[in-house]
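Participant: Please work out how this folds:
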Amino acid sequence: MTKLIIQIPCFNEEETLGITLQALPREVPGCDVVEWLVIDDGSVDRTAEVALAHGVDHVVRLSTNQGLAKAFMAGLDACLKAGADIIVNTDADNQYCADDIPALVFPILAHQAEMVIGARPIAEIEHFSPVKKALQQFGSWVVRLASDTDIPDAPSGFRALSREAALRVNVFNGYTYTLETIIQAGQQGIAIVSVPIRTNGYLRPSRLVKSIRSYIQRSIFTILRIFMTYKPLRSFLILGTVPFSIGVLLGIRWLLLYFGGSPRAHVPSLILAAIGILVGVQLWILGLVADLLAVNRKMLEDIQLRARRAEIEAARQESDPPVSGPLASLYPMHDNRSNR
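Facilitator: Alright, predicted model coming up:
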């Protein structure tokens with residue numbers, strides 16, 4: 001049997017969660033079982049009660065607000081322990097059209113991909129300002145370069161993951177998971193594709209993008225961090241080339257002036273040339289060291305993958321509902337299936 005679990009990270013979504021849940025399907029072609037899971041990320045309103053009232057199968061409760069990225073990872077962990085073969089992630093503000101879930105999971109069912117990203121019609125979304133539309137397109141282009149993938153809408157949270165992809169995903173950034181997971185998929189060789197999706201009407205402002213400036217800064221930091229994690233040698237080679245090139249150019253200028261008979265010694269130029277060359281060489285050496293450390297990271301990822309598989313298989317064999325994630329001691333997972 002193929003089990004699909006649709007997860008929704010929530011933080012104070014009492015007003016919109018019910019609308020989102022009413023649109024979710026209980027049957028998807030190719031899936032024998034469809035369940036719903038809500039991650040209550042430390043909400044102080046009636047988010048969990050609304051979820052249970054609408055027949056949600058599982059509710060994972062975080063004792064305090066941990067942020068979207070940790071809520072997403074807690075949801076993946078809970079879905080895997082609940083026996084999910086495919087996991088669909090959507091937002092609680094009903095931004096994405098739930099009728100497109102079959103199209104989202106089809107590439108996984110057809111063994112064409114392990115991760116599928118829903119591509120919104122950005123140009124047609126009326127409540128997106130021209131600046132936001134341009135930034136969305138530019139950010140997606142940068143992610144495509146960093147990940148070696150062809151995903152036109154990288155910030156989209158409407159996505160499907162196979163069991164294997166969910167096991168291999170790691171999110172280090174506490175801000176968002178959208179960019180990081182795509183870059184990881186590209187660098188780890190996880191098959192990833194994009195499918196066009198539709199969006200619903202505007203219900204509330206985005207809580208993730210509080211300001212364009214803050215979103216740009218955090219996105220750039222995320223992209224650089226992940227790129228340096230998975231491509232350390234290339235990253236430090238690029239960084240080291242800048243001061244090294246400046247130092248070489250200054251050194252050539254000093255040599256031309258010295259052998260050209262200049263009456264001045266031009267000592268500052270010589271010192272700057274030496275500093276630039278030394279800094280560039282040191283960055284290259286750091287790149288070599290980081291590349292060697294990346295071997296250990298890959299080994300640790302393999303160990304972690306084996307440990308997660310064993311842990312999840314053990315949890316699936318237990319009769320009681322499992323507790324989710326590395327913050328398991330902080331929150332329970334409520335199973336609502338017996339009440340439906």
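Participant: Can you name every helix or strand that the helix or strand harbouring Gly280 contacts?
Facilitator: Secondary structure assignment for Gly280, by DSSP states H and E: helix 267-317. On a contact count with 3 or more C-beta pairs under 8 Å, 6 or more residues apart in numbering; DSSP states H and E, helix 267-317 meets helix 68-81, helix 163-168, helix 212-230, helix 232-259. No exception for glycine: its C-beta is placed from N, CA and C like everyone else's.
Participant: give me every residue that touches the residue nearest the centre of the chain.
Facilitator: Closest residue to the average C-alpha location of the chain: Tyr177 at 2.7 Å, with C-alpha atoms, centre = their mean. Residues in contact with Tyr177 (C-beta atoms under 8 Å, 6 or more residues apart in numbering) are 68-69, 72-73, 171.
Participant: And Leu250, by the same measure?
Facilitator: Shown in contact with Leu250 (C-beta under 8 Å, 6+ apart): 269-270, 272-273, 276.
Participant: List just the nearest of these to Asp302.
Facilitator: Nearest to Asp302 among these is Gly276, at 39.7 Å by C-beta to C-beta.
Participant: The closest residue to Ile216 other than its chain neighbours sits in which helix or strand?
Facilitator: Of all residues not flanking Ile216 in the chain, Leu135 sits nearest, at 6.7 Å (C-beta to C-beta, 6 or more residues apart in numbering). Using DSSP H and E, Leu135 sits in helix 130-147.
Participant: Nearest approach to Glu311 belongs to which of the helices and strands packed on helix 267-317?
Facilitator: helix 68-81 (8.0 Å).
Participant: Now tell me what touches the following helix or strand past the closest one from outside.
Facilitator: Counting by DSSP H and E, the next helix or strand C-terminal to helix 68-81 is strand 86-89. Contacts of strand 86-89 with the rest of the structure, by C-beta under 8 Å, 6+ apart, involve 2-9, 31, 72, 75-76, 79-80, 101, 104-105, 108-109, 157-163, 166.
Participant: Same question for stretch 182-197.
Facilitator: By C-beta under 8 Å, 6+ apart, stretch 182-197 touches 96-97, 100, 103-104, 106-107, 112-121, 143, 146-154, 156, 158, 165, 168-170, 223, 226-227, 230-231.
Participant: Buried among the residues you listed? Make that a ChimeraX selection.
Facilitator: Only the buried entries of these go into this ChimeraX selection, using 16 or more other C-beta atoms under 10 Å:
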select :96,97,100,103,104,106,107,113,114,115,116,117,118,119,120,143,146,147,149,151,152,153,154,156,158,165,168,169,223,226,227,230,231
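Participant: ok, now how distant is Leu250 from Gly280?
Facilitator: Distance, Leu250 to Gly280, by C-beta to C-beta, to the nearest Å: 12 Å.
Participant: what does Arg218 give?
Facilitator: Separation of Arg218 from Gly280 (C-beta to C-beta): 29 Å.
Participant: Tell me which of the two has more neighbours.
Facilitator: Shown here are Arg218 and Gly280; by other C-beta atoms under 10 Å, Gly280 has more neighbours (22 against 17).
Participant: give me every residue that touches the closest residue to the more buried one other than its chain neighbours.
Facilitator: Of all residues not flanking Gly280 in the chain, Phe244 sits nearest, at 2.5 Å (C-beta to C-beta, 6+ apart). By C-beta under 8 Å, 6+ apart, Phe244 lies in contact with 276-277, 279-281, 283-284.
Participant: okay, now Pro29: neighbour count?
Facilitator: 9.
Participant: Using PDB, list the CA coordinates for the helix or strand hosting Ile8.
Facilitator: With elements taken from DSSP H and E, the one containing Ile8 is strand 3-10. Output in PDB follows, covering the C-alpha atoms of strand 3-10 (Å, rounded to 0.1, in the frame of the first residue of the first chain):
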ATOM      1  CA  LYS A   3       0.400   6.000   2.000                       C
ATOM      2  CA  LEU A   4       0.300   9.800   1.300                       C
ATOM      3  CA  ILE A   5       0.500  12.200   4.200                       C
ATOM      4  CA  ILE A   6      -0.300  15.900   3.600                       C
ATOM      5  CA  GLN A   7       1.500  18.000   6.200                       C
ATOM      6  CA  ILE A   8       0.800  21.600   7.200                       C
ATOM      7  CA  PRO A   9       3.100  23.700   9.400                       C
ATOM      8  CA  CYS A  10       1.000  26.100  11.400                       C
END
